[in-house]
Structures are given as structure tokens and as C-alpha cells.
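# sequence and predicted model, in that order:
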Amino acid sequence: MSDETLLEIGPLTKSFGGSVVLRDVSLFVRKGEFMTLLGPSGCGKTTTLRIIAGFEAPDSGRVKLSGFDVTDQPPYERDVHTVFQHYALFPHLDVAENVAFGLRLRKAPEAEIARRTAEALQLVKLSGFEGRRTASLSGGQMQRVALARAIVGRPALLLLDEPLGALDLKLRKSMQLELKNLQKRLGIAFVYVTHDQEEAMTMSDRIAVFNQGRVEQIGTPGEIYESPKTSFVADFIGGANIFSARVLPAAAGRAHLMLEDEFELDVPLDVGERLPLPGKRVRVAIRPERVKVYYKDELPFGALRLAATLKDTVFLGDACQIYLELFKKSPGRMLTAVAGGDRYAVHDDIGVPVIAAVQPEDVYILEPDDDD
Amino acid sequence: MRHGRLLSLYCMALYAFLYLPLGVMAVFSFNDAHRNVVWRGFTFKWYQLLFHDAELLGALLTSLELAAAAAAIAAVLGLLASYALTRHRPFKSREGYGALLDAPLMMPEVALGVGLLSFLVRAGYELDFGALACAHALICLPYTVGAARARLKSMGESHLEEAAMDLGATELTAFLKVTLPLAMPAIVSGCLLAFTVSFEDFVTSFFLAGIGIVTMPIKVYSMMKFGVTPEINALSVLLLVATFGLLALNAALASSRPRRDGCGP
């Protein structure tokens, strides 16, 4: 851990009434970093956030903030503020009183409270709303008040629990950029919970992908997308064709795989990547947008060549989804490709033989396949 | 069309059934005669008589004090009980305890009266104002618990106390600055209901009043032994007006609660 580390948690376990919610969740957040906890609902990301805030106590594991163990501290002693999913604005207070709530509790001088409240409201573009009742605000405005209330005290760390979840798509998109800019300007570290992978990709410095109470992978958006470590990560972020492959003996730094017992592939390994022993099975992923479909044998240099039959095309507007039958032994198992433009949106082509081409480095080797 | 007519006829009959006796009573409270059967002309004399009846006024004062005391006790206990039922981590058979708090609502008052009486006598407790106030608080409790519990529950779902603690408030500060002000309309509304319930209670009071404590309903009952006088009519009208006033106040409080708890659209 470098001295840049602001928050360090782990290994956290937590169960509620016999059902395990967190299994050995460990991660750290650097000063000023935008860290996203990403995963489907019920994966433990919100529980992790609540443990960091102090609303829940872990069954085991510690929470360290700026090097100090705060696991046993109540929420009001932690230098951490939260933006709640449904904002949790105080309905009996107006906008300015909501924002000033924390400062008042600290008994800050009135002049300072007024100055900082005005500043925070300006940051979230709500100047002039001071005297408004919270019930008279729109969802987006409530969101901004909740944000102003949480940043006015300049915490070292801000926790956000699906803060944009209740907003419509267009507003969400513009708020994403605004939040990201605000975070960079203030230099406050964010721990941001969302189930929206696109949101996570757009905003985060790093992403921790959660699944069933575990952290599956932590990395930058690029790392998560370009080298997923498990089939869950590959599928949840960006989507992927997941297959099973048998490991064959191969040269150093390369993997020789038999895909679904039909296609032999020779792909390079990432630096430091290890493979199970020959004879074992692994899962592999191929991103639909990295599959190129050719009608003739006109492959780009170095591409892997998979003979397939075109089964169906779905027009998506800006792109086209192509379903390819790849395997003779299991015909139901399709390879999905995504092509830009309208070139493939022709139903006449269904049933014709084509070539699916994949660059070797676009075949991701994932976890061992223990199914058999 | 015919259906609409039938329906409005039915409605009129229903409301007549409900409110005609009260209306007749109100009208005859202004009747210048000792008997209730014939209209002899308009007068305020029964109301004047009422306000010069020292015994009756004493009973009224007793009932008001009793209702205030019972409502206050029930409000405090009700708030604490609701807080435990909604804020503490789920404990074993929490629902069961909640249901037990509502039980006095359904309990036959005769059974309650007999039970309280024999308990207090056996415990050697004097049947005084305090005992009666506690007994009334018991029958009022479901109303104060019901009002406060609903409010605290919806507040809990919107994480308001957590937000306060997140911003630096201790449990006590969060309770005083967020929970209490937001629950206040519900607490007051529960109090008003409790006040009404205690004020009009006859059975429990009758069992426990025993020596010397004469509440308004008991006084009216004893006056009735000599027949329904226009004075009783007048008194009943005043009580009705007061009750409707309280109900209206309660309704106004209920609608003045914040519509949204800072939740999303």
C-alpha cells in the first residue's frame, strides 16, 4: 500500500440471517480516485458501501480510512459522506438548511455556513434554490441537493449509492459527465455503486466487478474490457461469446486450445498469465464486436479462421447483430458478431456459409471450466 | 338513470339512519319543554342550565384532565414502542409484539375492566385518578402506536436518520432533529384520537371509578336514570361538536404531512 491509499477494506464477510452477502471482499481506494463498485442487484456492492459508511458492521474484516482502523466507529465519526439512492433529503428543511445540516452540527460560524452553502449550491448549479422546499424539486434537482449536502463538508471520501438510478436516460448521461467533472475539480475520492456497466466505463478510474458477494476483478475500464479474468466479467461488461476449450500442449507464452472440441486455436498469452495443465478445460470469451464475418476467403493477415453458417441477422439501427452457427456437434451454440452499418441486414443471406475471423489476441482465456 | 336514483335514495336513507337521531337530539336540545315529544318553541335555557350545573362541570373537568393525562402517557409509550418496532434490528417475534400492542382495540372492555379492577385491588393499589389515567392510557395505546408506527416506518425506508448520522449527528441528535419533527404530526394526531377515546370511555371508567371519580359519561349515565332530559340533549350536542372539531383537526394534520419524504419522483 502506498501512502496515496485513502481507504482500505478487507477481507470483509457479512451475512444477513444465514444468507451470505459478502465473501472476502478486499479493495483499496487511492486519494482522489473514482472507484466504481459494479455488479447486478444483490451482488453485495451496496452492503460494502454501507459498511464503509458505518451503517453496517462486517462479520469479519476491517475498514481503514487514511491508515486508521474505523471499523468500530459510528457513521458520525467517520470523515465520509453518502449520497443516498433516493436522496434522503430532510422534508422539513428547505434546500439551504438541508445543505447546511452537517455544518450546523459541527457548530461552524453562521457566516462560514452561509458562504460554504452558497458555494456548494453553486457547484451543483442550484444557486437561487436556497429557500425552496425539497418536495417541490424535480428528481434531478433533488439529486443535486443531496450531492451539495454531501460535499459541503469536504469529506476525504464520498460514497454514492446508485445516485443516478432514478433519473431518466438523457438526464443520467449529462449528470454522469457533471459528476465526473465535479469529482476531478474537488479532488474527493468517490466510491460509486452502480449496476450500469456503461456508467461505470464512462466515469471510473477503476472498477471493482462484484458477483454473488465476491469481487471478481478490479481494474481500469480498459483492463476490465480488454482482459476480463472470468466469464462473468466478460459477459457483464460489454457482453461476450463464452465457450469451453480444452488446453493442448503449446509453446511458451502461447496457448493451444481446442474450442468446443471442433476448432483448434493458437493464441498468445498475456504477460504473467498462467494456463491450466494440458488436458484441462478453460472458458474462453470472444467479444461480438471483434468477430468479422466474410463471405469469401479474404481474411485479414493473422486472423483465426472459423467456418460458420449465417443463421440470422438483427438490425439494431447503428449496428447489426449476426448469429453464426459454428459447431456441428452443438448447433444450438451460436457465435454472435456485431457489425457496423447495414451491410449484413439482408435476410436473403440466411443459410449461406461464411467465414468468421478473429484476431488471436481477441480470444480471452478465462477461469478453468470445472463443469466436466 | 333509474339506478342512479335508487342509489341516491339508498344513500339518503343510510345517512338518515346514521345521523337523524343525532339531528333530532340536536333539535330538541333547543325545545322549550321538559318532555322530548312535542315542539314547544325555541330556547337556550337548557344550555344555560348546563353551564350552571356545578356537578356536571366538575365531571367535565375530570374527564378533560383524565383524557389529557391518558393521551400524554399513551403518546410517550406509543412513540417509544413504535421506535422499537421500526428502528431496532428485527428481533424475535417482533410482529407478535406489535400485534399485542394493537390488542386492546379488539379486547372486550368488560373483560379489560374486570381484569384491571381485580388486579389493582389485589395489588393493593388505591383506585384513584392515577389508576384510571393508566387504564385509559392502555385503551388509548393502540391509537398512538398505530399513528407513530406508520410514520416511523415510512421514514425508515427513506433513510433519513442514516443521512443525519452520515452528516455527523449522533443517534440522539438524529432523533431530535429529524425523527421527532417529522413524526410530530403523527404523534399529535395519535394524541387527539387517544384524547377522544379516553374522553368518551364509559365501561372502563365505570369499573374503576368506584369511589368518587365521576367522569362525564358516568355523570350522563346517572342523569339518564331520570329520563332523557333536554339538558342531556344539550350536553350531547356540545360533546358532538367538540368531537367533530377534534376529528377535523386530526384530518387537517394528516393532510399537512409532507407528501414526499425526499424520495425520488
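Structure's in. What do you need?
# quick check: which element contains A:Gln217?
Element membership for A:Gln217 (DSSP states H and E) is strand A:214-219.
# show me what that strand pairs with in its sheet, parallel or antiparallel.
strand A:206-211 (antiparallel) (DSSP bridges).
# now the partner strand: how far from the chain's centre is it?
5 Å (C-alpha atoms, centre = their mean, to the nearest Å).
# what's the answer for stretch B:88-97, then?
For stretch B:88-97, the distance to the chain centre is 27 Å (C-alpha atoms, centre = their mean).
# what does stretch B:23-32 give?
That offset, for stretch B:23-32, works out to 26 Å (C-alpha atoms, centre = their mean).
# what's around residue 118, how many residues?
This is for chain A. When neighbours are counted by other C-beta atoms under 10 Å in any protein chain shown, A:Ala118 registers 15. (Glycine included, C-beta is placed from N, CA and C.)
# meant chain B, my bad for not saying
B:Ser118 has 11 neighbours, counted by other C-beta under 10 Å.
# over to A:Glu262?
Using other C-beta under 10 Å, A:Glu262 has 14 other residues around it.
# wait, it sits on A:Arg333?
No: judged on C-beta atoms under 8 Å, A:Glu262 makes no contact with A:Arg333 at a distance of 10.0 Å.
# which neighbours do these two have in common?
Residues touching both A:Glu262 and A:Arg333 (C-beta atoms under 8 Å, 6 or more residues apart in numbering or on different chains) are A:Leu326, A:Phe327.
# buried residues, stretch A:118-126. List them.
Of the residues in stretch A:118-126, A:Ala120, A:Leu121, A:Leu123, A:Val124, A:Leu126 count as buried by neighbour count, 16 or more other C-beta atoms under 10 Å in any protein chain shown.
# take those residues and lay them out in a markdown table including secondary structure, distance to B:Leu18 and pLDDT.
Output for these, formatted as a markdown table (DSSP: H, G, I helix; E, B strand; the rest coil; distance: C-beta to C-beta, whole Å; pLDDT from 0 to 100):
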| residue | secondary structure | distance to B:Leu18 | pLDDT |
| --- | --- | --- | --- |
| A:Ala120 | helix | 57 | 90 |
| A:Leu121 | helix | 54 | 91 |
| A:Leu123 | helix | 60 | 88 |
| A:Val124 | coil | 55 | 87 |
| A:Leu126 | coil | 52 | 85 |
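# could you point out the helix or strand that follows the longest helix belonging to chain B?
Longest helix in chain B by number of residues (criterion: DSSP state H): helix B:54-87. Downstream of helix B:54-87, the next assigned helix or strand under DSSP H and E is helix B:94-102.
# give me the angle between that next one and helix B:54-87.
180 degrees (axes from the mean of the first three to the mean of the last three C-alpha atoms, to 10 degrees).
# so where's the chain shaky on pLDDT?
You didn't pick a chain, so chain A it is. Residues of chain A meeting the criterion pLDDT under 70: A:1-3, A:297, A:341-348, A:371-372.
# wait, I meant chain B there
For chain B (pLDDT under 70), the answer is B:1-2, B:35-36, B:210-211, B:254, B:256-265.
# please redo it, this time with the cut-off set to 50
Within chain B, the segments meeting pLDDT under 50 span B:258-265.
# top helix in chain A by residue count?
Max-length helix for chain A by DSSP H is helix A:169-186.
# any idea which helix or strand comes after that one?
Note on helix A:169-186: by DSSP H and E, the next helix or strand toward the C-terminus is strand A:189-194.
# residues of the stretch 51-200 of chain A that sit close to chain B?
A:53-55, A:74-76, A:80-82, A:84, A:86-92, A:101-102, A:105-106, A:134-135, A:138-139, A:142, A:149-150, A:153, A:166 (C-beta under 8 Å from any C-beta of the partner chain).
# mind checking which of those are buried?
Of these, these count as buried by 16+ other C-beta under 10 Å: A:53-55, A:75-76, A:80-82, A:84, A:86-92, A:101-102, A:105, A:134, A:139, A:142, A:149-150, A:153, A:166.
# show me the residues you listed that map onto helices.
Those of these mapping onto helices are A:Ala53, A:Phe101, A:Gly102, A:Leu105, A:Gly139, A:Met142, A:Arg149, A:Ala150, per DSSP H.
# tell me the residues of the stretch 51-200 of chain B that contact chain A?
So the stretch 51-200 of chain B meets chain A at B:158-160, B:162-170, B:173, B:178, B:181-182 (C-beta under 8 Å from any C-beta).
# and which of those is nearest to B:Leu60?
B:Pro181 (33.6 Å; C-beta to C-beta).
# distance check, the residue nearest to the closest one when sequence neighbours are not counted against A:Arg144.
Excluding the flanking residues, the one nearest B:Pro181 by C-beta to C-beta, 6 or more residues apart in numbering or on different chains is A:His92, at 5.1 Å. Separation of A:His92 from A:Arg144 (C-beta to C-beta, to the nearest Å) stands at 19 Å.
# again, but for B:Leu20
Relative to A:Arg144, and taking C-beta to C-beta, B:Leu20 is found at 58 Å.
# more neighbours: the two, which one.
Neighbour tally, B:Leu20 and A:Arg144, criterion other C-beta under 10 Å: the higher count belongs to A:Arg144, 24 against 11.
# mind telling me what element the more buried one is part of?
helix A:139-151.
# so what touches that helix?
Helix A:139-151 is contacted by residues A:81-84, A:87-89, A:95, A:98-99, A:101-102, A:117, A:120-121, A:123-126, A:129, A:134, A:137, A:158, A:163-164, A:166-167, A:171, A:175, A:179, A:182, A:186, A:188, B:166-167, B:262, B:264-265 when judged by C-beta under 8 Å, 6+ apart.
# tilt between that helix and helix A:169-186?
For helix A:139-151 against helix A:169-186, the angle by the same axes, to 10 degrees is 20 degrees.
# restricting to C-alpha, output helix A:139-151 in CSV.
Extracted in CSV, the C-alpha atoms of helix A:139-151 (Å, rounded to 0.1, in the frame of the first residue of the first chain):
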residue,chain,number,x,y,z
GLY,A,139,-35.7,14.4,-9.3
GLY,A,140,-32.6,15.8,-10.9
GLN,A,141,-32.7,18.8,-8.6
MET,A,142,-33.1,16.6,-5.5
GLN,A,143,-30.1,14.7,-6.7
ARG,A,144,-28.1,17.9,-6.8
VAL,A,145,-29.2,19.0,-3.3
ALA,A,146,-28.1,15.6,-2.0
LEU,A,147,-24.8,16.0,-3.7
ALA,A,148,-24.3,19.5,-2.3
ARG,A,149,-25.2,18.3,1.2
ALA,A,150,-22.6,15.6,1.0
ILE,A,151,-19.7,17.7,-0.5
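# what's the first helix or strand after it?
Taking DSSP H and E, what comes next after helix A:139-151 is strand A:157-161.
# what comes up buried for that next one?
For strand A:157-161, by 16+ other C-beta under 10 Å, it's A:Leu157, A:Leu158, A:Leu159, A:Leu160, A:Asp161.
# span of stretch B:202-213 from start to end?
End-to-end distance for stretch B:202-213: 12 Å, by C-alpha to C-alpha, to the nearest Å.
# same deal with stretch A:132-147?
Using C-alpha to C-alpha, one end of stretch A:132-147 lies 16 Å from the other.
# and that stretch, how far out from the chain middle?
Centre-to-centre, stretch A:132-147 and its host chain are 27 Å apart (C-alpha atoms, centre = their mean).
# try stretch A:199-206
Taking the mean of its C-alpha atoms, stretch A:199-206 sits 7 Å from the chain's own mean (C-alpha atoms, centre = their mean).
# go on, stretch B:159-167?
Offset of stretch B:159-167 from its chain centre (C-alpha atoms, centre = their mean): 34 Å.
# what sits up against that stretch?
With C-beta under 8 Å, 6+ apart, stretch B:159-167 has contacts from A:53-55, A:74-76, A:80-82, A:84, A:86, A:88-90, A:101-102, A:105, A:149-150, A:153, B:87, B:155, B:171, B:173-175, B:177-179, B:182, B:261-262.
# in the strand holding A:Gln217, which residues are buried?
A:Arg214, A:Val215, A:Glu216, A:Gln217, A:Ile218, A:Gly219.
# got TSV for those residues, with distance to B:Leu61 too?
Formatted as TSV, the buried residues of strand A:214-219 follow (distance: C-beta to C-beta, whole Å):
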residue	distance to B:Leu61
A:Arg214	70
A:Val215	70
A:Glu216	73
A:Gln217	75
A:Ile218	73
A:Gly219	77
